[in-house]
Structures are given as structure tokens and as C-alpha cells.
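Q: okay, predicted coordinates and the sequence, questions at the end:
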Amino acid sequence: MIFDASTFGSDVTLDTDLVVVGSGAGGMTAAMAAAEKGVATLVLEGGEYLLPADMSQREEEMFTRLFQESGARTTKDRAVTILQGRGVGGSTLHNINLCKRIPVEIRARWARAHGLSKLPPAAWDALYDEVERLLAVTLIAPEARSAHNRMLERGVAALGWQGGGLSHNRTGCMSSGFCELGCRYNAKNNAMKVMLPRAVAAGAQVVCNCVALRVLHHGGAARGVEAVALDPLTRKPLHRMVVNAERVCLSASATGTAALLLRSGVPDRSGVTGTTLRVHPGLIAAGDFEQPLRAWEGIPQSYECTELLQLERPDDERAHRAWIVPAFAHPMGTATMVPGHGGAHRRLMERYPHLGVLTAMIHDQTAGSVRPTGEHGVSIDYWPNERDRAELSHGLWGCAKLLFAAGATRVVVPTRVPLVLSPKDDLEPLKTMAVEQGEIDLSAMHPMSSVPMGDDPARAPVGSDGKHHHLDNLWVADGSLFPSSIGVPPQISVYAMGLHVGRALAT
Ligand SMILES: Cc1cc2nc3c(=O)[nH]c(=O)nc-3n(C[C@H](O)[C@H](O)[C@H](O)COP(=O)(O)OP(=O)(O)OC[C@H]3O[C@@H](n4cnc5c(N)ncnc54)[C@H](O)[C@@H]3O)c2cc1C
Ligand code: SF4
């Protein structure tokens, strides 16, 4: 059953075996795995329960309903936009569906550095096989690539760089191009479509519009969760909920889970909780093309450039770490990224159908931090260190090279005073361009690694089965668990963590 906490009308106390906080890739999968093993499971989700018919394809409506802080979440200093989802299904409701496994070299490095005795490299492969089957992950056929993605493919071919097609989890896709606003056609094989029905069939219950405030614990063990019901429109608190549970699993994402642990005063002798956040920060460059590209149409992000992404050398300090893909571009989102004001901004927006946008996202090494703020907010501190900023500049150079190679007549870099480049310009200075706060906007949509797993309780808050080292009956199952940034889109790895931890906590 799915319940809406905003309709409860008064304070409520519930009892269950397992309470899972958050219903995204990690939480809904952990709930499904535990419920299917016979554990009485209750999922608390801070966002709404939306059906495909609710996905109106309107930016001004869907950003408010599907994204944390209506899509306006940023770091404390506002220098980096952090996009994260909310709602039953979490960020999988509006993500772009591309699927990549964490490279074996990174997994092997984790095993060497952190032990991960309960998650050996071979266990990853079995989990990935299962998740990919569940989500029907398949390569997007070359003929299904949109003009925007073919633009990148053209650039990669012209430069002789490395690139290739991407696999996605979608079935019955109409190529409408609205993935980031939720799918009206129910084509995304995501946590809501795939895991939720199975979890509910196995007896799990889900309560939406219900934000967990803290983990209740005493005597060295978690005992449940205190939560608040929110009005779905105003997000104002309505009434309190207490869930008494034998086991608590936190899956509120890499920001939400770290903030909850810290707000609850959960002990952590390693002192690591909330201090090792990675986000895959990215920046963009836009190309202006003679022929319209109509970048908003078709399946987004079906082609990648990996020339500047040398993940197979994780121990090599000189290895490049920038991943380049087309960036999705609806009118409102584009207008916020297009630089300039008044007439200059308008003239660029008039070129909207002709714009192609690439983003360079980096496999970051910077450790950011997450703290709780207010009654249930999160505060994020993150600005890339010098080496990561150098990778971002290098990635920006790569984007400009690719856009010109694909035929752009000019390339615009959205610095505070926009940088407009022509095909004859020397692009080398971009490689060392200063990336400075307030001068260029960064954005990130892959928060992770804030509560990393490791065998040694002195160095890690959580074990490699997701069990908290320092408080009994407590588990973590989301992107927080990765011991470092992963350099590839995280969703299938988070789904894999959901399966792994959901089964571990059920036994
Ligand atoms: C725009 C966008 C596009 C993306 N595209 C891709 C892609 O193509 N491929 C890919 O691999 N990855 C993609 N990602 C990332 C991917 O979706 C996430 O890494 C993944 O969903 C993270 O899973 P999670 O379980 O950690 O968190 P989430 O899926 O974010 O779920 C966390 C849930 O917890 C809820 N929550 C938080 N705090 C509380 C609380 N206190 N109480 C109750 N509930 C709470 C939230 O509302 C949310 O529903 C994208 C992300 C974004 C934002
Ligand atoms: S492109 Fe496909 S998956 Fe994305 S919103 Fe349209 S139909 Fe849904």
C-alpha cells in the first residue's frame, strides 16, 4: 500500500520490522529485497507519489515537484548547483537513464584500500547482471540517436577521439525528450516502475510526503525514526510521526543520509560521516550551428566521448578525468545557463534551435562536506580543488574542440563575461583557464561517497554490507557508500547497493 502522510490528520506512531528512509535507487531496491525475504518493511519518502499522468512536461511544474528545493539546491556559497530528486522513486524519476558499471580498476582499488570483504569484485558483477536484467538495460541503437547526440558523434569522429554509444534502462520509449521532467509514457524502467510494485506485492508499505528528521537510538542501537508529514504544496510541517523499528536503513541520498546521521547524533568513531562528499562537478560549452539541431528532441545522452577519461589508470596522477556528453536543454534550463542579460541574452536565446551543448563532468578527488541545517535541510560545502579545477578546464577545452569539429560556427563559454570563440581561435588557453567562484557556473547531479564503506571502523562509518560500524540495527543503502567518486553515472551501482544491503539486513 502507498499512503500519503499529509492526509493522516494527526500525530501517528507506527511499528515495523524495518523502516527505510528514502525511496530512490538505493532505498526502493533495499525495501524490495528485504520485503521479498519476508521482512515487514515501511518506506518513508519526503516527496510526492506521482504517476506517469502527473508528469506534465512543464519545467515550471515538474522542477518544483520532482527536484529537491525545486531544482535550486546549491552549495552554501551558491557556486555549484546540486540537482537531486525527490518523490517515490527518488532521482530515478527524472534521471536520464544511462547505465554504466564502475570500472573494474576502481573497484579493485577500493578492495585494496578499504578491504570491502563483504563486497568482493566478483560480487559486483553478479549484482550488476541482476540489476541490468531487472531494468532491461540495452544499448541505444545508433539509428535512435538524436541530432544532438549525432553532433557529438560527428565531433568525436572528426577528431579521431574515443567515444561510443550508451546503454539505457528504457522500454517503449517514444523519444519525446522529456526524461528530465519525468516520463509521461512510463517508459523508464526505474525504481517506481520496477521496484515499487514488487516491494508492495511483497507486503512493503510506503508513506510519501513524510520527511525523516532523526534516527531514534539508545543503548547502542537504532530503535526507529522520528518524522514529519509535509504539505505537498507548501512543504510546511503538518504533524509528527514516530516509527518504532527493529532495523533502520537510511537511503536518503548522499546528502540526505549524511545529514540525518549527523542530526541524529549517531556515533562515528572514524569521524568521516559527511566529510568525503564527491559530486562529479561539470561545466558546459554551447555551440551555435548553422542548421537547427533541436537539441530538446529525442533520447538525451545516448553518445559519450571518453577521450579525456582515463579511468583505467586510477593510481596515475596524470590520468585525465573528464567525461563529455551532450547536455539536456529545455528552454527554461537553457535560459538560466545562457550568459548575458537583456538584448545579448535574447539574441542567444533566439538561436535556441541551433544550439548544441556539451558538458564535461569530472571524476573528482575533492572531498566536500554535508551538514544538517534547520529542522530537515542539508547544507553542502563543495568547491573543486586545484587539480579538479584543472581537469574541468581541460574538459572545457575538449567540449570546445568537439563542438567546432562537429561544425559549430562559434562556441560560447558561459563565464560571467561570456567567452565567444570562433573556429579560427586558439583553444589552447582554455586548457588552463581559471575556474573561479562567481566567474563560471558549475553543476552536479551525482552526489555520492559521504558515508563511505570500509572494513576498518577506525576509518569508515559503514561496513561493506551497508551495516553501520558504530550503531547496531542501522544500515545505509544509497550512493553515500562509495569509497570514492566513480567517474561514471551512478544509478545502476546504487541499485546494486540496494540489492546488496537489502539482502544483508534481511538475514
Ligand atoms: C537530472 C539528473 C540526471 C541524472 N541522470 C543519470 C543517468 O542518466 N544515469 C545515472 O546513472 N545516474 C543519473 N543521475 C543520478 C542518479 O539518479 C542518482 O545517482 C541515484 O538516483 C541516487 O540514488 P540514491 O538512492 O542515492 O538517491 P535518490 O535516488 O536521490 O533517492 C533519495 C530519496 O530520498 C528522499 N529523501 C531525502 N531525505 C529524506 C528524508 N529526510 N526523509 C525522507 N525521504 C528523504 C528523497 O526525496 C529521494 O526521493 C541523475 C541525477 C539527476 C539529478
Ligand atoms: S524520451 Fe522516452 S523515457 Fe524519456 S520522457 Fe520521452 S518517452 Fe519517456
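A: Good, I have the coordinates. Predicted model only: the values in this text are computed from it and were never measured. Numbering: from 1, shown residues only. Ligands and ions are numbered 1, 2, ... in the order given.
Q: quickly list the domain ranges of this protein.
A: The chain breaks down by automatic domain parsing into domains covering 2-74+84-136+184-276+448-506, 139-170+282-363+384-436.
Q: quickly check: the shortest one near ligand 2 or not.
A: Yes - shown here: domain 139-170+282-363+384-436 in contact with ligand 2 (CB under 6 Å from any ligand atom) through 170, 299. C-beta coordinates here come from the backbone N, C-alpha and C atoms, glycine included.
Q: which residue packs closest to residue 376, ignoring adjacent ones?
A: Spatial nearest neighbour of residue 376, chain neighbours left out: residue 211 (4.9 Å); criterion: CB to CB, 6 or more residues apart in numbering.
Q: direction included, what does the helix or strand that that neighbour is a member of pair up with?
A: Using DSSP states H and E, the secondary-structure element containing residue 211 is strand 210-218. Strand 210-218 sits in its sheet next to strand 221-230 (antiparallel), going by DSSP bridges.
Q: any residue of the partner strand touching ligand 1?
A: No - Strand 221-230 lies apart from ligand 1 when judged by CB under 6 Å from any ligand atom; the minimum separation is 6.7 Å.
Q: buried residues in that strand?
A: Buried positions in strand 221-230, judged by neighbour count with 16 or more other CB atoms under 10 Å: 222, 223, 224, 225, 227, 228, 229, 230.
Q: sorry, back to before: tell me which of the domains of the chain is the most buried.
A: Of the domains of the chain, the one with the most neighbours on average (mean count of other CB atoms under 10 Å) is domain 2-74+84-136+184-276+448-506, at a mean of 22.
Q: for the stretch 351-500 of the chain, which segments count as strands?
A: Listed in chain order, the strands of the stretch 351-500 of the chain (DSSP state E, counting those that start in this stretch) span residues 355-362, 369-373, 377-381, 410-413, 419-421, 442-444, 474-476.
Q: then the stretch 151-300 of the chain?
A: Secondary structure of the stretch 151-300 of the chain (DSSP E, counting those that start in this stretch): strands at 163-165, 167-169, 205-208, 210-218, 221-230, 237-250, 282-288.
Q: quick check: mean pLDDT of the fourth one?
A: Looking back up the chat, that one is strand 210-218. For strand 210-218, mean pLDDT is 98.
Q: can you tell me which residues in the stretch 51-200 of the chain are near ligand 1?
A: 83-87, 90-92, 94-98, 180.
Q: where does the closest residue to residue 251 other than its chain neighbours land in three-state SS?
A: Excluding its sequence neighbours, the residue lying closest to residue 251 (CB to CB, 6+ apart) is residue 27, at 2.9 Å. Following DSSP: H, G, I helix; E, B strand; the rest coil, we place residue 27 in the helix state.
Q: look up how far ligand 2 lies from residue 89.
A: Residue 89 sits 13 Å away from ligand 2, going by CB to the nearest ligand atom, to the nearest Å.
Q: in the protein, which residue sits nearest ligand 1?
A: At 2.1 Å from ligand 1, residue 24 is the closest residue in the chain, using CB to the nearest ligand atom.
Q: confirm for me that that residue is in contact with residue 195.
A: No - with contact defined as CB atoms under 8 Å, residue 24 does not reach residue 195; the gap is 9.8 Å.
Q: which one's the longest helix in the chain?
A: Longest helix in the chain, counting residues (DSSP state H): helix 386-405.
Q: what packs against that helix?
A: Judged by 3 or more CB pairs under 8 Å, 6 or more residues apart in numbering; DSSP states H and E, the packing partners of helix 386-405 are helix 147-159, strand 282-288, strand 322-326, strand 355-362, strand 410-413.
Q: take the ones you listed and write them to TSV, including distance to residue 379 and mean pLDDT.
A: Shown next, in TSV, are the helices and strands packed on helix 386-405 (distance: least, CB to CB, whole Å; pLDDT from 0 to 100):
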stretch	distance to residue 379	mean pLDDT
helix 147-159	35	98
strand 282-288	21	96
strand 322-326	28	97
strand 355-362	23	96
strand 410-413	30	94
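Q: what is residue 309 paired to in the beta sheet?
A: Beta-bridge pairing for residue 309 (DSSP bridges): residue 321.
Q: picking up where we left off before, among the strands of the stretch 351-500 of the chain, single out whichever gets nearest to residue 435.
A: Ranking those by proximity to residue 435 (CB to CB) places strand 442-444 first, at 7.5 Å.
Q: ok, and what's touching that closest one?
A: Strand 442-444 is contacted from outside by 79-83, 279-283, 361, 382, 384, 392, 435, using CB atoms under 8 Å, 6 or more residues apart in numbering.
Q: which members of those are the farthest-apart pair?
A: Greatest spacing in the contacts of strand 442-444, by CB to CB: 83 and 435 (19.0 Å).
Q: which residue of the chain lies farthest from its centroid?
A: Computed with CA atoms, centre = their mean, the residue of the chain farthest from its C-alpha average is residue 424, at 37.2 Å.
Q: for residue 446, which non-adjacent residue is spatially closest?
A: Counting by CB to CB, 6+ apart, the residue nearest residue 446 is residue 280, at 4.0 Å.
Q: over to residue 68?
A: residue 84 (4.5 Å).
Q: Throw the buried residues of strand 221-230 into a markdown table and include distance to residue 405, thanks.
A: Formatted as a markdown table, the buried residues of strand 221-230 follow (distance: CB to CB, whole Å):
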| residue | distance to residue 405 |
| --- | --- |
| 222 | 54 |
| 223 | 59 |
| 224 | 57 |
| 225 | 53 |
| 227 | 52 |
| 228 | 53 |
| 229 | 53 |
| 230 | 49 |
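Q: from those residues, pick the one nearest residue 61.
A: Of all the buried residues of strand 221-230, residue 230 has the smallest distance to residue 61: 18.0 Å, by CB to CB.
Q: could you check the pLDDT of the closest one?
A: pLDDT at residue 230 comes out at 96.
Q: cool, residue 312 as well?
A: 84.
Q: surely it and residue 103 touch.
A: Yes - assessed by CB under 8 Å, residue 312 is found in contact with residue 103 at 6.4 Å.
Q: please name the nearest non-neighbouring residue to residue 267.
A: Residue 267 sits nearest to residue 470 (CB to CB, 6+ apart), 4.5 Å away.
Q: so the one you found sits right up against residue 457, yeah?
A: Yes - if you go by CB under 8 Å, residue 470 and residue 457 touch, sitting 6.6 Å apart.
Q: please enumerate the shared neighbours of these two.
A: 269, 270.
Q: thinking again about what came up before, among the residues of the stretch 51-200 of the chain next to ligand 1, which are located in helices?
A: Taking DSSP H, every one of those sits outside helices.
Q: now those in TSV, with pLDDT?
A: Below are these laid out as TSV (pLDDT from 0 to 100):
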residue	pLDDT
83	96
84	98
85	97
86	97
87	98
90	98
91	98
92	98
94	97
95	97
96	97
97	97
98	96
180	95
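Q: among the residues you listed, which two are most distant?
A: Using CB to CB, the two most remote members of those are 86 and 98, lying 20.8 Å apart.
Q: so which bits of the stretch 51-200 of the chain are right by ligand 2?
A: 170, 173, 174, 175, 176, 177, 178, 179, 183, 185, 187, 188.
Q: list the contacts of residue 79.
A: 383, 437, 438, 441, 442.
Q: hey, which helix or strand in this protein has the poorest pLDDT?
A: Lowest by mean pLDDT, DSSP states H and E among the helices and strands of the chain is helix 331-337, with a mean of 83.
Q: hmm, who's touching the helix or strand just after that one?
A: Using DSSP H and E, the helix or strand that directly follows helix 331-337 along the chain is helix 342-349. Helix 342-349 has contacts (CB under 8 Å, 6+ apart) with 331, 334, 335, 338, 339, 340, 355, 412, 418.
Q: and these, which two are furthest apart?
A: Spatial extent of these (CB to CB) is set by the pair 331 and 418 at 18.6 Å.
Q: much appreciated, bye for now.
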